[in-house]
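In: Kindly return the folded structure for what I paste below:
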Amino acid sequence: MDYGRLAIDRQLEKFREIVTRNELVPEVLARAAELALPGWYLTAGCLCQTVWNVVTGRPPAEGIKDYDLFYFDDSDLSWEAENSVIEEGARRFGDLPVTVEIRNEARVHLWYEDRFGVPCAPYPSTEAAIDSFPSTTPCLGIRLDSGGEWQVYAPHGFADLFNLVVRPNPGHAPRSSYEAKAQRWQGQWPALTVLPWPS
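Out: Numbers count the residues shown, from 1 in each chain. Here you go, the predicted model:
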């Protein structure tokens, strides 16, 4: 079935149904909710790669190297504050068979240029950080609200995700980052269609 042609509410239902086939996703969500981090989301590759796995008939968690947990706290931009959250996360997630990588998106501008070679303006929110991914396809975030209900951030929708399309997101991340990720992903999921970076 072409899930990308469903009405958007049905796409959202299908997205939730598919990502929860990866048993680690609801487990990480539940434990992340207990941390009660400001502006948190489970985001990026663990979500889109779960969908790619299911759509291509693979085990849902196959080949997913880490689970990205973003939060946003601009009240303390010190490494010590972020590291204390990372250490608490290590205690909470340490028994899982995957790495849960926790990052304070309010601090990204402090290290981004050293790592990627281009400057990064401070993000005003976790959503803005998700918006800046090199590809639009993994621009996804899910979290549980205080009542345990799913909150989903998907600024580019789900059609490319279901259709196995990797689309560039120029404007912030460097082209080299997009092309490196796309090459790695296509090696693992050969059915992906990788669109070129615009000239």
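
In: starting at the chain centroid, how far to the worst-scoring helix or strand of the chain on mean pLDDT?
Out: Lowest by mean pLDDT, DSSP states H and E among the helices and strands of the chain is helix 108-116, with a mean of 89. Helix 108-116 sits 18 Å away from the centroid of its parent chain (CA atoms, centre = their mean, to the nearest Å).

In: Check stretch 96-106 too.
Out: Going by CA atoms, centre = their mean, where stretch 96-106 is centred and where its chain is centred differ by 11 Å.

In: what do you get for stretch 73-85?
Out: How far stretch 73-85 lies from its chain's middle: 21 Å, per CA atoms, centre = their mean.

In: thinking Arg21 is in contact with Pro60, fair?
Out: Yes - with contact defined as CB atoms under 8 Å, Arg21 and Pro60 form a contacting pair (4.3 Å). Backbone N, C-alpha and C define where each C-beta goes, glycine included.

In: Settle it for me: which of the two has more neighbours?
Out: Shown here are Arg21 and Pro60; by other CB atoms under 10 Å, Pro60 has more neighbours (19 against 15).

In: For that one, list the residues it contacts.
Out: 18, 21-23, 50, 53-54 (CB atoms under 8 Å, 6 or more residues apart in numbering).

In: now do Ala173
Out: By CB under 8 Å, 6+ apart, the contact set of Ala173 is 116, 132-134.

In: quick one: contacts for the residue lying closest to Leu6 once chain neighbours are set aside?
Out: In this structure, Leu6 finds its nearest non-sequential neighbour in Lys14, 6.5 Å apart by CB to CB, 6 or more residues apart in numbering. Residues in contact with Lys14 (CB under 8 Å, 6+ apart) are 3, 6, 158, 162.

In: any chance of those in JSON lines, plus pLDDT?
Out: Shown next, in JSON lines, are the contacts of Lys14 (pLDDT from 0 to 100):
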{"residue": "Tyr3", "pLDDT": "84"}
{"residue": "Leu6", "pLDDT": "82"}
{"residue": "Phe158", "pLDDT": "96"}
{"residue": "Phe162", "pLDDT": "96"}
